[in-house]
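**Student:** I would like to see how this sequence folds:
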Amino acid sequence: MRQFRLINFFTFILLASILYSCNTEVQQKETSDNVQETNIDPLPSWNEGKTKSNIFTYVESVTDKGSTDFIPIKDRIATFDNDGNLWSEQPAYFQLFFAIDRVKAMAADHPEWASEQPFKAVLENDMESLAKQGEHGLIQLVMATHAGNTTEEFKADVQDWIKTALHPSKKVTYDQLVYQPMLELLQYLRAHDFKTYIVSGGGVDFMRAFVTEIYGIPEEQIIGSRIKTSFDYNDGNPVIKRLPELEFIDDKEGKPLNIQKIIGKKPVFSSGNSDGDLQMMQWAASNKYKSFMLYVHHTDAEREWAYDRASHIGKLDKGLDQALKDGWTVIDMKNDWKVIYTFEK
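**Tutor:** Residues are numbered from 1 along each chain as shown. As a prediction, the model looks like this:
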């Protein structure tokens, strides 16, 4: 009997030892996995440096409950311009290329366009003459190609275009000219419970047609310029009709006005690339919480474009001055980004 008890005792010790060993291995694996996850860089397309460090420092400080800079989740609002900030905007805004392609597609139904500006310039591929038409001419193009249909018809037109239209110099579809580093930044902020919005001068329905899939930002969090619309019951098949008249231009002071009207809160994180974003950045900077203003400075003529103060598109002059004066973070595209476009990763 005593021998049997000893055997049981040694069996117990052996089993306990095996269980302890297995448990230790699991704990070591979990610890190793956690260390590995911690060491994963959430911004792998960014070079190490002050810009990347500033972003990390800010996010860590405002999401740490023990920090005096802590921001409640409900107030973590981040707003991003689109053109020139999340994707390229040269040699013209991509929405203008859409309008140009729509003019050509619709020309057969409008023979008068062959002799009327700005349509004549578009049909003859005369960009110099088109530029001379100024803002009024561009609005004519937008009204002719963006109105007179329903919201669903317009959405279908945009989605068909974005699948096949090629950028004139990059020779890829426009949706490939998205900045990979900014996609990573959007994901990083959302991982820390920031609610991300697009606040752009581009048409809101143009963007909503396709950018949700690209940026992971819901349609209701996309804010932009808009034309007037009307409701038509349409014999029990209701539609929203797009009218040939501008309702709101979401640029400059229009951005904080739209933010207040639609979001109802000041952003704590705001990113843009031009003077058209300056008022949005100023609005974010006035937040009672610690805020972060981020400008994209186009400095890479080889991989993208280099432009700022003298550019006719995406002019960055007053905004750059205030960023330097107030210590806002400015991305040097050439030096801060390992890759620029999504297809380069």
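**Student:** Excluding chain neighbours, give the residue nearest to the most centrally placed residue in the chain in space.
**Tutor:** Nearest to the mean C-alpha position of the chain, by CA atoms, centre = their mean, lies Leu86 at 4.3 Å. Of all residues not flanking Leu86 in the chain, Met182 sits nearest, at 5.1 Å (CB to CB, 6 or more residues apart in numbering). The way it works is simple: take the backbone N, C-alpha and C, and place the C-beta from them, glycine included.
**Student:** wait, isn't that neighbour in contact with Asn85?
**Tutor:** Yes. Met182 is within contact range of Asn85, at 7.0 Å (criterion: CB atoms under 8 Å).
**Student:** shared neighbours of these two, which are they?
**Tutor:** Common neighbours of Met182 and Asn85 (criterion: CB atoms under 8 Å, 6 or more residues apart in numbering): Ser271, Val296.
**Student:** I'd like the next helix or strand past the helix or strand harbouring the residue nearest to Leu86.
**Tutor:** Using DSSP states H and E, Met182 sits in helix 180-191. Per DSSP H and E, the first helix or strand lying C-terminal to helix 180-191 is strand 195-203.
**Student:** partners of that following strand, with directions?
**Tutor:** strand 77-80 (parallel), strand 222-232 (parallel) (DSSP bridges).
**Student:** mean confidence score for that strand?
**Tutor:** The average pLDDT within strand 195-203 is 98.
**Student:** same check, this time on stretch 288-299
**Tutor:** Mean pLDDT, stretch 288-299: 98.
**Student:** in that stretch, what's buried?
**Tutor:** Within stretch 288-299, the residues scored as buried using 16 or more other CB atoms under 10 Å are Tyr289, Ser291, Phe292, Met293, Leu294, Tyr295, Val296, His297, His298, Thr299.
**Student:** can you give me the offset of it from its chain's centre?
**Tutor:** Computed by CA atoms, centre = their mean, to the nearest Å, the chain-centroid distance of stretch 288-299 equals 14 Å.
**Student:** Could you do stretch 97-112 as well?
**Tutor:** 29 Å.
**Student:** Show me what counts as buried in it.
**Tutor:** Neighbour-count burial for stretch 97-112, counted by 16+ other CB under 10 Å, picks out Phe97, Phe98, Ala99, Ile100, Asp101, Arg102, Val103.
**Student:** can you list the residues that contact that stretch?
**Tutor:** By CB under 8 Å, 6+ apart, stretch 97-112 touches 113-114, 119, 122-123, 138, 141-142, 144-146, 157-158, 161, 165, 167-168, 174, 206.
**Student:** go again using 10 Å as the cut-off
**Tutor:** 91-93, 113-114, 116, 118-123, 125, 127, 130, 138, 140-146, 148, 154, 157-158, 160-162, 164-168, 174, 203, 206, 209 (CB atoms under 10 Å, 6 or more residues apart in numbering).
**Student:** ok, now stretch 281-288?
**Tutor:** Contacts for stretch 281-288 (CB under 10 Å, 6+ apart): 71, 75, 77-79, 81, 253, 255-257, 259-260, 265-272, 291-295, 319, 322-323, 326, 328.
**Student:** No further questions, thank you.
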